[in-house]
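> pasting the sequence and the predicted coordinates here, then a few questions.
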Amino acid sequence: MATDVVPIDLTVSPSGGKRNVLGVLVDVIDYDAAVDRVVEAAVRRRPFILTALAVHGVMTGVGDLRHNARLNAFDVVAPDGQPVRWALNLLHAAGLRDWVSGPELMLRVLWRAAVEDLPVYLYGSTQRTVDRLAAALTLLIPGLRIAGTEPSKFRAALPGEEVEIAGRIAGSGARLVLVGLGCPRQESFAHAMRPFLDMPILAVGAAFDYHAGLLRPAPRWMQRAGLAWLWRLAGEPRRLAHRYLVLGPRYLLRLAAQASRLWTPSAPGPAAHRPAELPPV
């Protein structure tokens, strides 16, 4: 007897395209559109790379033109945090009502992956973290299939090693990859691996630690006030002092210069999808 088959809706929510923020092309996009684009690429088995950039990620591109070109090659660079959302609205009248948090985006993608029966691969961080993360996600999201996990080796890849990593990911049956290597290592990894994997690669940074229960997110009121950086600085002052106390003011100065048209940053063209250098692994 014939059964009714419910087709997968591949209609992708619209986004507002890319805009120049200090030379980095950031997408005017919300959660729904970002999740739709990831799932559409996973279902159609298309290469796709996404990252969610906060101030530190943008400033990393500002300080390194080669990395800037990598970022501008991403399919989606989502605005992670109020300061990047504010920049899009100030510079380009984007009208974004919310930012796209990496940890929240990760969960929304995984809920959809469970519904669409898309197995996922977790790459990065330490063995302890990915083990805890896999266990936590399996409990949180019924039906989620984790095809494999692999911790970071905390070094540059050896010649040919990126092909071996891609082989393990593809061989696991995964349909999308989540990468938690920290900025900018995870963006370099995703950019380098794109030619070898016909699936989305999402650079989600500290989301691994948050969802593994190793970090606590800032209270929502601090996030809305653009003070999530202060919460993280209080928790890890030695590691994050330069990021927030040096790069933060530089970001604001450059943003003011761009907004007042005293400075017009160039946006380096997208780097070739297959870079000359080996990725960090």
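Thanks, I have it. Residues are numbered from 1 along each chain as shown.
> quick check on residue 233: phi, psi?
phi -60, psi -40 (degrees, to the nearest 10).
> now swap in residue 216 and tell me
Main-chain dihedrals, residue 216, degrees, to the nearest 10: phi -110, psi 130.
> which pLDDT value belongs to it?
As predicted, residue 216 sits at a pLDDT of 83.
> what does residue 212 give?
We have a pLDDT of 92 for residue 212.
> over to residue 275?
51.
> also the one 5 residues further on?
Note for residue 280: predicted pLDDT of 90.
> I'd say residue 124 and residue 180 touch.
Yes: using C-beta atoms under 8 Å, residue 124 makes contact with residue 180 at a distance of 3.8 Å. Every residue, glycine included, has its C-beta placed from N, CA and C.
> which residues of the stretch 1-150 of the chain fall in helices?
Applying DSSP state H, counting those that start in this stretch to the stretch 1-150 of the chain gives helices spanning 31-44, 55-63, 65-71, 82-92, 102-116, 127-140.
> contact partners of the second one?
In other words, helix 55-63. Residues outside helix 55-63 that contact it (C-beta atoms under 8 Å, 6 or more residues apart in numbering): 21-24, 26, 51, 53, 67-68, 71, 80-81, 83-84, 183-184, 187, 229, 243-244, 247-248, 250-251, 254, 265.
> any quick PyMOL command for the buried ones out of those?
Here is the PyMOL selection string for the buried members of these, based on 16 or more other C-beta atoms under 10 Å:
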select buried, resi 21+22+23+24+26+51+53+67+68+71+80+81+83+84+183+184+187+229+243+244+247+248+251+254
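> return the most buried member of the helices of the stretch 1-150 of the chain.
Of all the helices of the stretch 1-150 of the chain, helix 55-63 carries the top mean neighbour count, a mean of 22, counting by mean count of other C-beta atoms under 10 Å.
> taking helix 102-116 as reference, get the angle to that one.
Angle, helix 55-63 to helix 102-116, by axes from the mean of the first three to the mean of the last three C-alpha atoms, to 10 degrees: 100 degrees.
> quick one, helices of the stretch 151-281 of the chain?
161-171, 185-193, 207-211, 220-224, 228-235, 237-242, 248-259.
> wait, which of those helices is closest to residue 90?
helix 248-259 (5.6 Å; C-beta to C-beta).
> residues contacting the closest one, please?
Residues contacting helix 248-259 (C-beta under 8 Å, 6+ apart): 21-22, 55, 58-59, 62, 83, 87, 90-91, 229, 263-265.
> ok now it, how far from the chain's centre?
Relative to its chain's centre, helix 248-259 lies at 23 Å (C-alpha atoms, centre = their mean, to the nearest Å).
> ok, stretch 65-85 next?
For stretch 65-85, the distance to the chain centre is 9 Å (C-alpha atoms, centre = their mean).
> which one of the helices of the stretch 151-281 of the chain lies nearest to residue 142?
helix 207-211 (15.7 Å).
> what helices or strands is that closest one leaning on?
helix 102-116, helix 127-140, strand 176-180 (3 or more C-beta pairs under 8 Å, 6 or more residues apart in numbering; DSSP states H and E).
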